[in-house]
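[1] the following comprises the amino acid sequence and a computationally predicted model.
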Amino acid sequence: MGNDSSRLHLPFRHGQRPGKASSSSSSLHKPLTADHFAGIALLTLRSAEMKFKDKWLACVSFGEQTFRTQISDQTDKPVWNSEKKLLLEKDGPHVARISVFETNTVSSNTLVGYCEINLLEYLTQGEDSDPEVLDLLNPSSSDLVVGKIYISCSVEDPVETEKSFARRILSIVDYNQDGMLSLSEFSDLINAFGNRLAAEKKEELFKAADKNGDGVVSMDELAALLASQQEKEPLITCCPVCGEVLEVSDKLNNMIHLTLCFDEGTGNQVMEGGFLTDTQASYGWMFKLSEWVHYSSYDVGLNSGSSASHIVVLDRRTKTLVEETIDSKIVLSMRAIYQSKLGIGLMDKGAKEFLLSISEKQGKKMNTTESAKDIPKFVDFFKGQINLAEAKYPVEHFKTFNEFFVRELKPGVRPIACKERDDVAICGADSRLMAFTTVDDSKRFWIKGRKFSIKGLLGPEISSNEFDHGSLVIFRLAPQDYHRFHFPVSGTVEKFIDIPGALYTVNPIAVNSKYCNVFTENKRVVSIISTPDFGKVAFIAIGATMVGSITFSKKAGDHVKKGDEFGYFSFGGSTVICVFEKDSITIDEDLLANSARSLETLVCVGMKLGVAKNSSNVELPNLETFAIN
């Protein structure tokens, strides 16, 4: 299966339709060594048992792609028998998320249950696995079971994949189905490859393949020929199925491409692809229509944050894309205000004061006992993005909406990465994270305000010299997130500086606007943490529209450990920014790579953020060890 120097370039995204370019395919796979290829998984969604009758749709999200079944008949026991082949890489996504939607409503499809399955584990279970029954969990509370789903999964190891491809290729022209290719059949196969040079020396190739000289080419002989030729002079330079040119001449690359493209399945329905998230796939007909007229508001990266009506982020734990829930009417109003000179002009004519006023009023309202009745509606709106099973107290415990909004979590649900190592920094909030080695990078990929600077962010009372050219980490909290923030590093809190300002929204639509400077104009509190491993770290808690207050649970002079609670935001989304001194931290590569794509990473408190530059460089555990179960 090649050597250590083999390169794996996937020239197309499996699930992408032939001839249809993917908006994000260029960034889905970087060149990999052959050792990173783990196998190809065949995942089949067979059926489910639900608690009521409806028309049901199931989606599978894996990496940066999602597939969907057909819609079932009206039943409480839907049958799909839908399958999909998925590429497994050892350092790529391993967890597939299966979501089940009810579809009988006109206005929307509703997520009813979900489960997750680690496909890589099937590598150790042999070729055939018995069908499994998995519990479907309530999206709002993972300790509640809402149904069961029956699946099967098998994984081919790399050697078996090569043999499987050879068998599939052979079967195309094995007219008498004897498992052998005659010269005539072999010639037809070479012609089908569309390689003119190979077609001119078919007899020579046939003799090279026929090792035992019996006048026919067996499956093993064909596999050996394809393997040897791919390393010298590839027989297949263009995929006969999708027309993609196979530019890299190593057998692993072409074998994977052709295996997925030539797959004829097992006779089951093949799931439809071309979607980024399960939410998008659940509205498949609408998405396909918009795609057909060459318009779609779905994409990853900056476009999705600055101008589209949907925000797509990458879940660090599962490495899948997730669509952030946000009211479409709010999106339209934010675009009108923050993406135009006219909208910002209105801000300068008193709208800033208006935002302060309504935020204060809303904060007071959320502290009344009457506001508690809004909690169930809030949880339902963010179904699938608030897990009540993690909360320290049940919903009935909270007497006001704000009590619920600043809810504590059960001990242990946010494990701290490398807890005893102070040279390892962690994520300080459940949030959508952007990380940049320098401020210049942040302005190139994310913050579009023309006047953004570290000096402007920290305010006039703090010398910015220590932080000039330092690293910047932005933790954006959405309304559905856990709203307590924690220390990313261990050290001593030196001081707090209150900086008055506006209350612009911290949504990417505003942050990506060139007409305002959200982070340097908003109300914020700057604290400085002195640490032995990272030097000084600036921790900035930023207010935003509808944020009633920022409350701190520590004071100047306190000695703190990473992971300790630092404070919380009352109602509304908000942001924490950490600024590290120049050359003090090596931020994790996956966070930097996503940020360079203008793609936010969904993280949890305690996940690894980076390592101090002066660290002893002791090998660290994989970040997934500290993922939420």
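    Arrived safely.
[2] what's the first helix or strand after the helix or strand hosting residue 220?
    Using DSSP states H and E, residue 220 sits within helix 219-232. Next along the chain after helix 219-232, taking DSSP H and E as the criterion, comes helix 251-262.
[3] for the helix or strand following that following helix, which outside residues touch it?
    Using DSSP H and E, the helix or strand that follows helix 251-262 in sequence is strand 269-270. For strand 269-270, contacts defined as CB atoms under 8 Å, 6 or more residues apart in numbering pick out 69, 70, 80, 81, 82, 83, 84. Glycine gets a C-beta too; all of them are placed from N, C-alpha and C.
[4] average pLDDT for strand 269-270?
    Across strand 269-270, pLDDT averages out at 86.
[5] quick one: strands adjacent to that strand?
    Strand pairing for strand 269-270, using DSSP bridges, gives strand 79-89 (parallel).
[6] buried set for the strand it pairs with?
    80, 82, 83, 84, 85, 86, 87, 88, 89 (16 or more other CB atoms under 10 Å).
[7] pLDDT value on the fourth one, please?
    Put plainly, it is residue 84. On the pLDDT scale, residue 84 is placed at 91.
[8] wouldn't it be in contact with residue 268 here?
    No: with contact defined as CB atoms under 8 Å, residue 84 does not reach residue 268; the gap is 9.7 Å.
[9] where are the low-confidence patches of the stretch 151-300 of the chain?
    Counting by pLDDT under 70, the stretch 151-300 of the chain contains low-confidence ranges at 162-163, 194, 227, 230-232, 240-241, 247-253, 263-266, 284-300.
[10] how about residue 323, what does it touch?
    Contacts of residue 323 (CB under 8 Å, 6+ apart): 276, 277, 279, 280, 310, 311, 312.
[11] what helix or strand is it located in?
    Using DSSP H and E, residue 323 falls within strand 320-324.
[12] quick check: mean pLDDT across that strand?
    The average pLDDT for strand 320-324 rounds to 88.
[13] partner strands of that strand, with direction?
    If you go by DSSP bridges, strand 320-324 pairs up with strand 311-315 (antiparallel).
[14] in this structure, which strand is the longest?
    strand 141-156 (DSSP state E).
[15] show the subsequent helix or strand relative to that strand.
    Where DSSP H and E defines the elements, the next helix or strand beyond strand 141-156 is helix 158-173.
[16] give me the contact list for whichever helix or strand comes after that next one.
    Following helix 158-173 in sequence order, the next helix or strand is strand 180-181 (DSSP H and E). Outside strand 180-181, the residues that touch it by CB under 8 Å, 6+ apart are 170, 173, 174, 189, 216, 217, 218, 222.
[17] what distance separates the opening and closing residues of stretch 195-205?
    One end of stretch 195-205 sits 13 Å from the other (CA to CA, to the nearest Å).
[18] return the set of buried residues in it.
    Buried, per 16+ other CB under 10 Å, within stretch 195-205: 195, 198, 202, 205.
[19] list the buried residues of stretch 96-116.
    For stretch 96-116, a neighbour-count test (16+ other CB under 10 Å) marks 96-102, 109, 111-115 as buried.
[20] may I ask which two of those are separated the most?
    Taking CB to CB, the two most distant members of these are 96 and 102; they sit 20.9 Å apart.
[21] tell me the domain boundaries of the protein?
    The chain is divided into the following domains under the TED database: 34-156, 159-237, 424-611.
[22] list of residues touching stretch 69-79?
    With CB under 8 Å, 6+ apart as the test, stretch 69-79 has contacts from 45-59, 80, 82, 103-104, 269, 271-272.
[23] please list only the buried members of those.
    Listed as buried from the contacts of stretch 69-79 are 45-48, 50, 54-59, 80, 82, 271-272; burial here means 16+ other CB under 10 Å.
[24] from those residues, pick the one nearest residue 148.
    Nearest member of the buried ones among the contacts of stretch 69-79 to residue 148, counting by CB to CB, is residue 48, at 6.4 Å.
[25] wait, the closest one sits on residue 136?
    Yes: contact criterion CB under 8 Å: residue 48 and residue 136 qualify, at 7.1 Å.
[26] need the overlap of contacts for the two.
    Joint contacts of residue 48 and residue 136 (CB under 8 Å, 6+ apart) are 100, 147, 148, 149.
[27] quick check, pLDDT for the third one.
    At residue 148 the predicted local confidence, pLDDT, stands at 97.
[28] what's around it, how many residues?
    The number of residues packed near residue 148 is 16, by other CB atoms under 10 Å.
[29] surely it and residue 135 touch.
    Yes: Residue 148 lies in contact with residue 135 (CB under 8 Å); the separation is 6.2 Å.
[30] quick check: bridge partners of residue 486?
    residue 565.
[31] for it, list the residues it contacts.
    Counted by CB under 8 Å, 6+ apart, residue 486 has contacts 414, 426, 428, 429, 562, 563, 564, 565, 566, 605, 606.
[32] out of those residues, which are buried?
    414, 426, 428, 429, 562, 563, 566, 605, 606.
[33] for the fifth one, which non-adjacent residue is spatially closest?
    Put plainly, it is residue 562. The shortest distance from residue 562 to any non-neighbouring residue, by CB to CB, 6 or more residues apart in numbering, is to residue 490 (4.8 Å).
[34] what's the answer for residue 272, then?
    In space, residue 272 comes closest to residue 68 once its chain neighbours are excluded; the distance is 5.4 Å by CB to CB, 6+ apart.
[35] please work out how many residues are found near residue 74.
    For residue 74, the neighbour count with other CB under 10 Å is 11.
[36] what pairs with the helix or strand harbouring residue 100, parallel or antiparallel?
    Here residue 100 sits within strand 95-102, counting by DSSP H and E. Here strand 95-102 is paired, per DSSP bridges, with strand 56-62 (antiparallel), strand 110-118 (antiparallel).
[37] turn those strands into CSV, including mean pLDDT and distance to residue 166.
    Shown next, in CSV, are the strands paired with strand 95-102 (pLDDT from 0 to 100; distance: least, CB to CB, whole Å):
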stretch, mean pLDDT, distance to residue 166
strand 56-62, 96, 26
strand 110-118, 94, 29
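[38] need the ones you listed in CSV with distance to residue 451, can you?
    Formatted as CSV, those follow (distance: least, CB to CB, whole Å):
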stretch, distance to residue 451
strand 56-62, 39
strand 110-118, 42
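[39] quick one: which of the contacts of residue 486 sit in strands?
    Among the contacts of residue 486, the ones falling in strands (DSSP E) are 426, 565, 566.
[40] helices and strands of this structure: which one bottoms out on pLDDT?
    Ranked by mean pLDDT, DSSP states H and E, the helix or strand of the chain with the weakest confidence is strand 7-8, at a mean of 35.
[41] format the contacts of residue 486 as TSV; extra columns: pLDDT and distance to residue 316.
    Shown next, in TSV, are those (pLDDT from 0 to 100; distance: CB to CB, whole Å):
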residue	pLDDT	distance to residue 316
414	97	13
426	98	12
428	97	14
429	97	13
562	98	18
563	97	17
564	98	22
565	97	21
566	98	21
605	98	12
606	98	12
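[42] out of these, who's nearest residue 544?
    Once CB to CB is applied, the member of those that ends up nearest residue 544 is residue 429, at 13.5 Å.
[43] what's near enough to touch that closest one?
    Shown in contact with residue 429 (CB under 8 Å, 6+ apart): 475, 477, 481, 482, 484, 485, 486, 576, 605.
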